[in-house]
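Chemist: what follows is a predicted structure for the sequence shown.
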Amino acid sequence: MAGMIALILALQLIGEALVRLTGAPVPGPVVGMLLLVALLVVRGGPPPALSRLAETLLGHLSLLFIPAGVGVISYLGLLADRWLAVTVTVIASTLISLLATALTLRFLLNRGPEDPS
């Protein structure tokens, strides 16, 4: 599992380096995630160790909300001043995420099962 953590961190580092070198307006971790997806597509799927790591991380996903909660409490005054912009942004991003998920699901379901021959 340590090797898979190292792989994920290495891909994130490569993504950060690519963003800094190119000046792309995309966060480095997003580029690293796209590199991971490309690697998994080329490989044909995740190795068992990566699947175990993903299950472990998903099992502890609630811990990742602690920093966000602290940020909300720390900037409560700023949020109170800009509540309308924050509300519109949260609603719009939720709707965009739902739409992207629905379109992705529709695309994948319309592809149908692949022919093994």
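Modeler: Everything's here; your move. These figures come from a predicted structure and were not determined experimentally. Residues are numbered from 1 along each chain as shown.
Chemist: quick check: which element contains residue 104?
Modeler: Per DSSP states H and E: residue 104 is located in helix 83-111.
Chemist: output the contacting helices and strands for that helix.
Modeler: Helices and strands touching helix 83-111, as assessed by 3 or more Cβ pairs under 8 Å, 6 or more residues apart in numbering; DSSP states H and E, are absent. C-beta: built from backbone N, CA, C; applies to glycine.
Chemist: averaged pLDDT, it. What do you get?
Modeler: Averaged across helix 83-111, pLDDT comes to 94.
Chemist: same check on stretch 18-27?
Modeler: Averaged across stretch 18-27, pLDDT comes to 93.
Chemist: quickly list the domain ranges of this structure.
Modeler: Using automatic domain parsing, the domains assigned to the chain come out as 1-59, 63-117.
Chemist: can you redo those as TSV with mean neighbour count?
Modeler: Shown next, in TSV, are the domains of the chain (neighbours: other Cβ atoms under 10 Å):
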stretch	mean neighbour count
domain 1-59	13
domain 63-117	9
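Chemist: contacts for stretch 66-85?
Modeler: For stretch 66-85, contacts defined as Cβ atoms under 8 Å, 6 or more residues apart in numbering pick out residue 86.
Chemist: straight-line length of it, end to end?
Modeler: Terminal residues of stretch 66-85 are spaced 23 Å apart (Cα to Cα, to the nearest Å).
Chemist: gap between that stretch and the chain center?
Modeler: Counting by Cα atoms, centre = their mean, to the nearest Å, stretch 66-85 is centred 22 Å from the centre of its parent chain.
Chemist: now the strands for the chain?
Modeler: Counting by DSSP state E, no segments of the chain form strands.
Chemist: for it, what spans make up the helices?
Modeler: 2-22, 28-43, 48-59, 65-74, 76-81, 83-111 (DSSP state H).
Chemist: thought residue 17 was touching residue 32, still the case?
Modeler: No - judged on Cβ atoms under 8 Å, residue 32 makes no contact with residue 17 at a distance of 9.6 Å.
Chemist: what distance do you get for residue 27 to residue 78?
Modeler: 22 Å (Cβ to Cβ, to the nearest Å).
Chemist: sorry, slip of the keys, the one I care about is residue 67.
Modeler: Taking Cβ to Cβ, one finds residue 67 at 17 Å from residue 78.
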